[in-house]
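Peer 1: One predicted model, sequence on top.
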Amino acid sequence: DVKVTQSSRYLVKRTGEKVFLECVQDMDHENMFWYRQDPGLGLRLIYFSYDVKMKEKGDIPEGYSVSREKKERFSLILESASTNQTSMYLCASSLYLDMGTEAFFGQGTRLTVV
Amino acid sequence: GQQLNQSPQSMFIQEGEDVSMNCTSSSIFNTWLWYKQDPGEGPVLLIALYKAGELTSNGRLTAQFGITRKDSFLNISASIPSDVGIYFCAGPSANAGGTSYGKLTFGQGTILTVHP
């Protein structure tokens, strides 16, 4: 059974803190993604990685960075958390296909910044 | 970037009713994916469509890849309470060269509520 695991289901952090969200997949997938989900806005892509140490900005990268040191692990970093980063964060991985891709998601991390 | 517009934004239906939702894009997609997100969980893939005009079923779910490649439809027949959740359409975004390179664009989601 394919699995994408996010390290925390719920997280509460203070404004200005550095926050690490961790994601691990066991499918040997090349591609990994970080999305944030907000009501009425759907899922918006923050960053994605198509190989170890490779990363590319998504649609809303400001205030975030990522790290992919190993194929199975993709970390999202909030350098200095702010209240407008309170959201649900979803990690996903996919096998690269020329004609589109099917992404498998983790269970999500609900982050509250106070 | 590419955008997907889903409608309706939300639906409130009685158990047993059929449901229809759709997704449109201003640009062509080569693949359409439909996901469902249960409350408190990540999205799970329901149906994948790879060919214009394709009609695919998965139990009570039927999805179609529009012939223009700019839209897709998802129908749920005889709804049951566990159909509750958020339904997303998604498609791989193309780079400047027009090929898909693995990044997914999502619609805003349709929130489905089923009353017993």
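Peer 2: In hand now; what should we look at?
Peer 1: can you pull out the strands in chain A?
Peer 2: A:4-6, A:10-13, A:19-25, A:31-38, A:42-51, A:54-57, A:64-70, A:73-78, A:87-94, A:103-105, A:109-113 (DSSP state E).
Peer 1: I meant to write chain B there.
Peer 2: Under the criterion DSSP E, chain B contains strands at B:4-7, B:10-14, B:19-25, B:32-37, B:44-49, B:55-58, B:61-65, B:71-76, B:85-94, B:100-106, B:110-115.
Peer 1: Is chain A within reach of the second one?
Peer 2: No. Counting by CB under 8 Å from any CB of the partner chain, chain A is not contacted by strand B:10-14; separation bottoms out at 9.8 Å. (C-beta placed from N, C-alpha, C; glycine too.)
Peer 1: Quick test: name the residue nearest the centre of chain A.
Peer 2: In chain A, the residue lying closest to the centroid (CA atoms, centre = their mean) is residue A:34, at 2.5 Å.
Peer 1: check contacts around it.
Peer 2: By CB atoms under 8 Å, 6 or more residues apart in numbering or on different chains, the contact list for residue A:34 reads A:21, A:23, A:45-48, A:58, A:64, A:66, A:74, A:76, A:89-91.
Peer 1: beta partners of it?
Peer 2: Taking DSSP bridges as the rule, residue A:34 bridges to residue A:47, residue A:91.
Peer 1: confidence score at it?
Peer 2: If you check residue A:34, the pLDDT there is 94.
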